[in-house]
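1. can't give you the sequence, but here's the structure:
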Ligand code: TTP
Ligand code: CA
């Protein structure tokens with residue numbers, strides 16, 4: 001155990017990105033992946049779909065049914081429906097099973113994804129979104145490297161997703177990105193897998209190499225040709241043997257991945273393109289004054305972020321999550337960029353006023369977003385130039 005812990009510490013030392021100042025804590029890295037994301041969002045919006053096969057479709061428009069499946073819920077997957085399958089084929093497989101075929105609404109999923117990433121960002125030390133419904137995170141500092149604490153954080157992230165969004169997710173936690181990603185894959189759907197540092201190598205050893213992040217069918221068959229089938233066998237292979245077959249970089253990566261010692265740090269998300277804050281209202285309401293009042297800290301914090309990053313914005317969007325968990329948004333775009341609190345608050349109040357008249361239901365949660373940020377490029381290039 002000590003040897004593994006020690007190696008983890010030395011590896012993470014210069015590379016521990018998000019938790020400077022505490023160099024000897026074992027790394028605690030997580031990976032979160034929302035379950036059947038687009039289809040689950042549709043189920044949340046329309047709970048009567050639960051129990052039915054739900055297929056989110058990208059219609060090409062050529063004929064009524066031409067196009068492919070974007071994703072499907074687990075009920076539809078039971079009948080072999082999966083992402084990328086032609087819609088016609090999915091319909092055949094679900095004949096007589098009362099399927100619901102839904103047109104993909106990318107913008108809607110993106111609004112929800114952005115909100116989720118913002119929420120997650122507030123719960124962890126460093127968040128690195130890697131797709132519309134997945135992200136790596138680092139919680140070394142907030143758990144002080146303690147894996148029992150990490151398990152509790154994993155549980156509370158899962159509960160927050162259910163409470164705030166009505167969505168289930170899968171989480172993996174371990175000492176590296178590869179281990180965390182493998183954990184979330186194994187925990188699907190809806191689970192939490194915590195792989196403590198001491199048991200990482202014995203945990204990985206019996207698994208097929210194809211389970212490793214970045215190991216696709218081509219690499220798997222190349223490894224098989226070398227007589228390597230399990231991660232444990234890969235871990236015992238000599239570096240020169242792997243490097244001569246896969247090159248120095250990928251060969252080295254394979255060995256690190258197989259021992260769960262890949263040291264890649266979790267890097268905070270890219271330059272923001274928007275700032276937003278969302279709150280759960282003290283009571284369900286659609287009174288615009290009450291809503292904007294409860295967002296006063298949130299709008300202030302948006303302003304602080306704008307000021308500290310030297311940015312102004314062109315668009316204000318208000319977001320309301322109604323009592324049935326459906327999401328409604330309304331936006332206003334200015335002709336020229338602005339950066340003052342009054343523009344945010346007054347515009348948001350007017351937009352909430354409009355939204356409350358058309359929403360049809362009370363708001364459970366409410367948020368404000370500013371986007372169309374300006375001043376980013378100028379500042380970055382200048383500071384980079386000076387550096
Ligand atoms: P995934 O996370 O790969 O899949 P998923 O969330 O639907 O299911 P799982 O429970 O297995 O994680 O992709 C996230 C979203 O990206 C998915 O909901 C829809 C979209 N997507 C496509 O549009 N086309 C595709 O081929 C894939 C794989 C995903
Ligand atoms: Ca997913």
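-> Alright, I've got the coordinates. Everything numeric in this text was worked out from a predicted model, so none of it was measured. Ligands and ions are numbered 1, 2, ... in the order given.
2. could you find the closest non-adjacent residue to the residue nearest the centre of the chain?
-> Nearest residue to the geometric centre of the chain (Cα atoms, centre = their mean): residue 134, 2.8 Å. Among residues not flanking residue 134 along the chain, residue 33 sits closest, at 4.4 Å (Cβ to Cβ, 6 or more residues apart in numbering). C-beta: built from backbone N, CA, C; applies to glycine.
3. one step back: ok, the residue nearest to the centre of the chain touching residue 30?
-> No: taking contacts as Cβ atoms under 8 Å, residue 134 lies outside contact range of residue 30: 10.9 Å.
4. where along the stretch 251-387 of the chain do the strands fall?
-> Here the stretch 251-387 of the chain has its strands, by DSSP state E, counting those that start in this stretch, at 274-285, 313-322, 327-338, 363-371.
5. out of the ones you listed, which gets nearest to ligand 1?
-> Comparing the strands of the stretch 251-387 of the chain by their distance to ligand 1 (Cβ to the nearest ligand atom), the top pick is strand 327-338, with 16.1 Å.
6. now the helices for the stretch 1-150 of the chain?
-> Applying DSSP state H, counting those that start in this stretch to the stretch 1-150 of the chain gives helices spanning 2-12, 37-45, 74-77, 87-93, 106-123, 140-143, 147-165.
7. do the longest one and ligand 1 come into contact?
-> To tie it back to what came earlier, the one meant is helix 147-165. No: using Cβ under 6 Å from any ligand atom, helix 147-165 stays clear of ligand 1, with a minimum separation of 13.0 Å.
8. same deal with stretch 121-141?
-> Yes: Stretch 121-141 lies within reach of ligand 1 by Cβ under 6 Å from any ligand atom, at 132, 133.
9. contacts for that stretch, please.
-> Contacts with stretch 121-141, where a contact means Cβ atoms under 8 Å, 6 or more residues apart in numbering, come from 12, 16-19, 22, 25-34, 37, 109-110, 113, 116-117, 120, 142, 150, 153, 156-157, 160, 173, 177, 180-181, 184, 265-269.
10. same check on stretch 227-236?
-> Contact with stretch 227-236 is made by 201, 204-209, 211-212, 223, 237, 254-255, 258-259, as judged by Cβ under 8 Å, 6+ apart.
11. what of stretch 295-304?
-> By Cβ under 8 Å, 6+ apart, the surrounding residues in contact with stretch 295-304 are 275-279, 292, 339-341, 344-345, 348, 366-368, 370.
12. any quick ChimeraX command for the buried ones out of those residues?
-> In ChimeraX, this line selects whichever of these come out buried by 16 or more other Cβ atoms under 10 Å:
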select :275,276,277,278,292,339,344,345,348,366,367,368,370
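13. let's have the helices of the stretch 1-150 of the chain in a markdown table, adding mean pLDDT and distance to residue 330.
-> Below are the helices of the stretch 1-150 of the chain laid out as a markdown table (pLDDT from 0 to 100; distance: least, Cβ to Cβ, whole Å):
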| stretch | mean pLDDT | distance to residue 330 |
| --- | --- | --- |
| helix 2-12 | 31 | 45 |
| helix 37-45 | 97 | 17 |
| helix 74-77 | 98 | 33 |
| helix 87-93 | 98 | 32 |
| helix 106-123 | 90 | 12 |
| helix 140-143 | 96 | 35 |
| helix 147-165 | 97 | 20 |
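14. quick one: residues contacting the closest residue to residue 307 other than its chain neighbours.
-> Distances taken as Cβ to Cβ, 6+ apart place residue 339 nearest to residue 307, at 7.5 Å, with adjacent residues excluded. Residues counted as contacts of residue 339 (Cβ under 8 Å, 6+ apart) are 303, 306, 307, 311, 312, 313.
15. dig out what the closest residue to residue 120 other than its chain neighbours forms beta bridges with.
-> Distances taken as Cβ to Cβ, 6+ apart put residue 127 closest to residue 120, at 5.4 Å, once the chain neighbours are dropped. For residue 127, the beta-bridge partners are residue 137 (DSSP bridges).
16. give me the number of residues near residue 127?
-> 23 (other Cβ atoms under 10 Å).
17. also residue 143?
-> There are 22 residues near residue 143, going by other Cβ under 10 Å.
18. again, but for residue 45
-> Using other Cβ under 10 Å: residue 45 sits among 18 other residues.
19. confirm for me that it is in contact with residue 325.
-> Yes: Residue 45 is within contact range of residue 325, at 6.8 Å (criterion: Cβ under 8 Å).
20. residue 265 and residue 140, how far apart?
-> Note on residue 265: its distance to residue 140, by Cβ to Cβ, to the nearest Å, is 10 Å.
21. and these two? which has more neighbours close in?
-> Neighbour comparison, residue 265 and residue 140: the larger count goes to residue 140, with 24 against 19 (by other Cβ under 10 Å).
22. now do the helices in the stretch 151-300 of the chain.
-> All helices of the stretch 151-300 of the chain, identified by DSSP H, counting those that start in this stretch, fall at 177-187, 200-204, 217-225, 231-235, 239-246, 248-259, 288-294, 296-309.
23. wait, residue 223 sits on residue 216?
-> No: if you go by Cβ under 8 Å, residue 223 and residue 216 don't touch, sitting 11.0 Å apart.
24. between these two, which one's more packed in?
-> Taking other Cβ under 10 Å, residue 223 and residue 216 do not tie; residue 223 has more neighbours (24 against 9).
25. how about the nearest residue to that one, chain neighbours excluded?
-> Per Cβ to Cβ, 6+ apart, closest to residue 223 is residue 209, 5.2 Å.
26. my read is that that neighbour contacts residue 222, right?
-> No: under the criterion of Cβ under 8 Å, residue 209 is not in contact with residue 222, lying 9.9 Å apart.
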